[in-house]
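**Q** A predicted structure for the sequence below; I have some questions about it.
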Amino acid sequence: MKIKIDKFTLIFFAVLIVSSFIRLSNLDSVGYTTDEPVIITAGIKHFLNNPYSVSLYDMATPGGQWPIGLSIVLLSNRDFSPIRNYPQMDYASIDVNRDLIKGLEFAARLPSALAGIISGVVIYFLVKNMYGKKAGLISFALFSFNPLIIDYSRVALLEIFQILYTVLALLFFYLWLEKKKLQDLVISSVFLGLIAAAKLNGLVLIPLFAAFSTIAGIKMLKKELSFDVVVILKNILIIAGVSALTLGIIFGFDFSVPYKVYQYYNLAGGAGIHFVLFELLYDSLFFNNPLLWILVASSLYMIYKEIKNIKLNDAFSVFLLVLLLFSGFFEAHESIKRGIQYSMLFFIIAGRVFSDNNKIKYASKFWLIISLVIIISDLALTAYYFPNMGLAKNVLCTSQECQDGHNLRNFDSRIVGEYLNSLNGVNVYDPVGTTGLIGFYVNNNVNYINAGIAKLMLGTNTCPSFEILKNSSITHVIGSGECVSSINNSLARCPYNSISVKNYEMTKVYDIRSC
């Protein structure tokens, strides 16, 4: 029996092998960066506590933290009781838990690497079903070799898990629209719930999927549209019900948890309904190869030309465009870090120009050349900086000084600190933050005490006021007044035990007993 392997199969496995090599090699070659220590320790606590003797930050994103915690627990023989017993695991404890999780880089990042590899394969099958093998392979390669996607596949952060859940939800949703098998819709809805569990901004996708599902109940009869209301309502209820059930299981059927998390970020970091689409697109133009936009624009033009006789595959691409537009809402941060999980949809839409049914044959070689140039340049950029792939900022900064400075300017202060009611025998951790927030981290015998949040109230003057917000309920103000400069001046009179820059975050440790 002869096994025939065509050129498409060879290309598929070549892309898969290179993608796997890039993502799995030297995962432990660089130290932890940005949120990694917090997410890793939160993942361990989720897995050990299952899940809620943890902080609000920990509760917000179990869909991405569980795989990380599970991988670490399975692949290491560490005693994690110090992490398990921490009353709260926020940015305050980065310097402490960095020692506890040292040496776990590979185990912590392995789930992210696997998620990146699998996401590319899922994109291949999705685009293959939409536009054919050639389109699937090119979208697969464009996604797999994009330096920004690679960056997020090589760190223990949450965005890559949301990408994986999103492409899986899209694949099964498309299969359901194509074949009308109910199990595909149910599976898609499960992944919709996981998207929101990985990052709460994924909640916006649930109503969008439900709205698009209505096309399954619309038929054209004698040039008139016929609406099957029963079918439409059934599909919407399945999507809403299954995704809600998935979220309920993950959050222990305590639906107040996501709301509490939202309230927390709304005060601490400005989370909510913000329109940041243009910022996301701007960042995408910067971090993605500019030639990609030729493919995307050409795809959208081809869809526009067929709009009167639009078919399911093109209608689905329009749906992806709608997802991109609405992903500009419900976001707190104007950065590509928050938009990467949606900007990857461009790689799927770009597959349209390579459709098997493409009527513009004369341009196919031109688009193929553009794709090859994008892939080769992306691989060259990756090879130049490999294996020091962490976040996209590493691509922009080659010196440690530049990287430190970049991260100080972009210090993530969503959780801005803990402030102790009684300051006897404690050290205050004063992180350098420039996002309009300043945090006071309080340490007493290694254990961090759940106290309050210092939040700047930016005004028109040059000296913004602040509030000390008590505990996680964020309702009772226990102190206010003074400006930030006064606070800094007060701390300046205190001797500090040490100052360090670790993985792009500067921390001064003050002994306030000597002030």
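**A** Here it is on my side, so go on. This structure is a prediction, so every number in the text was calculated from the model and none was measured.
**Q** ranges for the helices of the stretch 251-400 of the chain?
**A** Here the stretch 251-400 of the chain has its helices, by DSSP state H, counting those that start in this stretch, at 256-268, 277-287, 292-305, 312-326, 336-343, 345-349, 364-385, 393-396, 400-409.
**Q** surely residue 22 is in contact with residue 378?
**A** No - between residue 22 and residue 378 there is no contact under CB atoms under 8 Å: 10.5 Å. Heads up, the C-betas are built off the backbone N, CA and C, glycines and all.
**Q** what's the overlap in contacts for these two?
**A** residue 145 (CB atoms under 8 Å, 6 or more residues apart in numbering).
**Q** which helices and strands does the one helix or strand residue 188 maps to pack with?
**A** Secondary structure assigned from DSSP states H and E places residue 188 in helix 182-198. Under the contact criterion of 3 or more CB pairs under 8 Å, 6 or more residues apart in numbering; DSSP states H and E, helix 182-198 touches helix 62-75, helix 159-179, helix 205-212, helix 229-250.
**Q** just so I know, which of those lies nearest residue 368?
**A** helix 159-179 (23.4 Å; CB to CB).
**Q** now the nearest residue to residue 345 once chain neighbours are set aside: how far from residue 39?
**A** Once flanking residues are discounted, residue 345 sits nearest to residue 320: 4.7 Å by CB to CB, 6 or more residues apart in numbering. To residue 39, residue 320 is 28 Å away according to CB to CB, to the nearest Å.
**Q** neighbour count for these two, which is higher?
**A** Counted by other CB atoms under 10 Å, residue 320 and residue 39 do not tie: residue 39 has more neighbours, with 24 against 17.
**Q** that one - that's part of a strand, no?
**A** No - counting by DSSP: H, G, I helix; E, B strand; the rest coil, residue 39 is not part of a strand but helix.
**Q** now tell me what touches the helix or strand hosting residue 18 from outside.
**A** Residue 18 is part of helix 7-24, with elements assigned from DSSP H and E. By CB under 8 Å, 6+ apart, the list of residues contacting helix 7-24 from outside reads 110, 113-114, 116-117, 120-121, 124, 133-134, 137, 140-141, 144-145, 150, 153-154, 379, 382, 386.
**Q** one more pass at 6 Å, please.
**A** 113, 116, 117, 120, 133, 137, 140, 141, 144, 150, 153 (CB atoms under 6 Å, 6 or more residues apart in numbering).
**Q** what's the answer for stretch 306-314, then?
**A** So stretch 306-314 is contacted by 130, 303 (CB under 6 Å, 6+ apart).
**Q** send the alpha carbons of that stretch over as CSV?
**A** Output in CSV follows, covering the C-alpha atoms of stretch 306-314 (Å, rounded to 0.1, in the frame of the first residue of the first chain):
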residue,chain,number,x,y,z
GLU,A,306,-19.2,39.5,-4.1
ILE,A,307,-21.4,41.1,-1.6
LYS,A,308,-24.6,40.7,-3.6
ASN,A,309,-24.0,36.9,-3.9
ILE,A,310,-22.1,36.5,-0.7
LYS,A,311,-21.4,32.9,0.5
LEU,A,312,-20.9,31.5,3.9
ASN,A,313,-17.1,31.7,3.9
ASP,A,314,-17.1,35.4,3.0
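**Q** scan the protein for its longest helix.
**A** helix 105-131 (DSSP state H).
**Q** still on that earlier bit, can you put the contacts of helix 7-24 in JSON lines and add pLDDT and neighbour count?
**A** Output for the contacts of helix 7-24, formatted as JSON lines (pLDDT from 0 to 100; neighbours: other CB atoms under 10 Å):
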{"residue": "113", "pLDDT": "95", "neighbour count": "23"}
{"residue": "116", "pLDDT": "95", "neighbour count": "26"}
{"residue": "117", "pLDDT": "97", "neighbour count": "20"}
{"residue": "120", "pLDDT": "97", "neighbour count": "29"}
{"residue": "133", "pLDDT": "92", "neighbour count": "18"}
{"residue": "137", "pLDDT": "95", "neighbour count": "23"}
{"residue": "140", "pLDDT": "97", "neighbour count": "27"}
{"residue": "141", "pLDDT": "96", "neighbour count": "26"}
{"residue": "144", "pLDDT": "94", "neighbour count": "28"}
{"residue": "150", "pLDDT": "86", "neighbour count": "26"}
{"residue": "153", "pLDDT": "89", "neighbour count": "29"}
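**Q** out of the residues you listed, which two sit at the greatest distance?
**A** 113 and 133 (25.8 Å).
**Q** pLDDT weak spots in the protein?
**A** 1-4, 30-35, 49-61, 82-100, 217-227, 257-288, 327-340, 359-363, 385-515 (pLDDT under 70).
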